[in-house]
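In: below: sequence and its predicted model.
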Amino acid sequence: MTSRRRRATREAIMDSALLLFTVHGYDPVRVEDVAREAGVSRATFYNHFSEREEVVRALFQRLLAAEVPDHTRTNLPPLEQIEHVTIEAARGMLDQPQLARFLYSLPMRQEALLKPEDEATPAVFRTIHQLLETALDRGELRTDVPVDLMCVHVHNALEAAMRAWAGGLTDEPVERVRALVRLSLYGVVAGGAGP
């Protein structure tokens with residue numbers, strides 16, 4: 001099988017899974033259902049994915065596959081750049097509303113995608129990690145909290161905003177992202193300063 005055909009088959013499986021998950025929900029859909037909808041055998045499904053959860057991870061990577069504009073050349077401080085990067089990520093996800101709504105309605109968390117050294121990690125998370133390291137180097141962040149944990153915190157803010165949108169709790173997901181990311185970066189203390 002050529003690499004182009006293999007990619008097309010993989011994409012067909014992912015598209016079929018998304019359609020079925022959206023119509024029927026995640027739990028009732030079986031591997032057999034996805035394979036049938038994609039027009040492939042179970043064996044072909046398993047040549048591409050080891051389980052349904054792996055399809056969901058691939059769909060999440062698709063959702064966040066957009067490249068992140070390089071903010072490092074701007075004069076904005078790193079924390080402001082993080083705000084812009086997360087807002088752009090949210091807007092990119094909102095351009096794929098069916099996929100975003102499905103993924104953010106699932107009770108699954110995607111923290112496994114937050115490994116900055118892994119090429120499979122979406123660019124938005126690698127960029128946030130890099131910007132947090134820059135802010136730390138510049139003395140703009142606390143030194144008692146690891147950068148990896150800060151990255152998880154910012155990701156959780158983005159995820160919470162998208163989950164609120166997927167659950168119908170907000171019609172303004174970009175503003176929710178902005179508010180939660182600011183809260184994540186600056187806290188709830190007046191002036192954003194800690195003890």
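Out: Received, thanks. Quick caveat, the model's predicted, so the values are computed rather than measured.
In: which parts of the chain are helices?
Out: Counting by DSSP state H, one finds helices in the chain at the ranges 3-24, 31-38, 42-48, 52-63, 78-94, 97-105, 123-137, 147-166, 173-186.
In: and the ones you listed as JSON lines, adding mean pLDDT?
Out: Converted to JSON lines, the helices of the chain look like this (pLDDT from 0 to 100):
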{"stretch": "helix 3-24", "mean pLDDT": "95"}
{"stretch": "helix 31-38", "mean pLDDT": "97"}
{"stretch": "helix 42-48", "mean pLDDT": "96"}
{"stretch": "helix 52-63", "mean pLDDT": "89"}
{"stretch": "helix 78-94", "mean pLDDT": "93"}
{"stretch": "helix 97-105", "mean pLDDT": "92"}
{"stretch": "helix 123-137", "mean pLDDT": "91"}
{"stretch": "helix 147-166", "mean pLDDT": "92"}
{"stretch": "helix 173-186", "mean pLDDT": "94"}
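In: output the ones you listed as TSV; include the columns mean neighbour count.
Out: All C-beta atoms are positioned from the backbone trio N, CA, C, and that covers glycine. Listed next are the helices of the chain as TSV, based on neighbours: other Cβ atoms under 10 Å:
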stretch	mean neighbour count
helix 3-24	16
helix 31-38	18
helix 42-48	15
helix 52-63	18
helix 78-94	21
helix 97-105	18
helix 123-137	20
helix 147-166	20
helix 173-186	19
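In: quick check, central residue of the protein?
Out: For the chain, the residue nearest the mean C-alpha position is Leu64 (5.2 Å; Cα atoms, centre = their mean).
In: that one: what's it in contact with?
Out: Ala89, Gly92, Met93, Leu113, Pro122, Ala123, Val124, Phe125 (Cβ atoms under 8 Å, 6 or more residues apart in numbering).
In: does the third one touch Leu63 like I think?
Out: Yes: the pair Met93 and Leu63 qualifies as a contact (Cβ atoms under 8 Å) at a distance of 5.6 Å.
In: residues that sit against both of these two, list them.
Out: Leu99, Ala100.
In: closest one of the contacts of Leu64 to Arg57?
Out: Nearest to Arg57 among the contacts of Leu64 is Leu113, at 7.5 Å by Cβ to Cβ.
In: quick one: pLDDT of the closest one?
Out: What the model reports for Leu113 is a pLDDT of 54.
In: how close does Pro97 sit to Leu131?
Out: Per Cβ to Cβ, to the nearest Å, Pro97 is found 27 Å from Leu131.
In: what does Glu51 give?
Out: 34 Å.
In: next, count neighbours for Lys169.
Out: Careful, residue 169 is Leu; it's not Lys. 12 (other Cβ atoms under 10 Å).
In: ok, Thr134 to Leu149 distance?
Out: 17 Å.
In: same question, Asn75
Out: 28 Å.
In: please apply the same query to Ala100.
Out: For Ala100, the distance to Leu149 - Cβ to Cβ - is 26 Å.
In: next one: Ser16
Out: Distance from Ser16 to Leu149, by Cβ to Cβ: 37 Å.
In: now distance to Ala161 too, for the contacts of Leu64, in TSV please.
Out: Output for the contacts of Leu64, formatted as TSV (distance: Cβ to Cβ, whole Å):
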residue	distance to Ala161
Ala89	10
Gly92	14
Met93	10
Leu113	17
Pro122	16
Ala123	19
Val124	13
Phe125	15
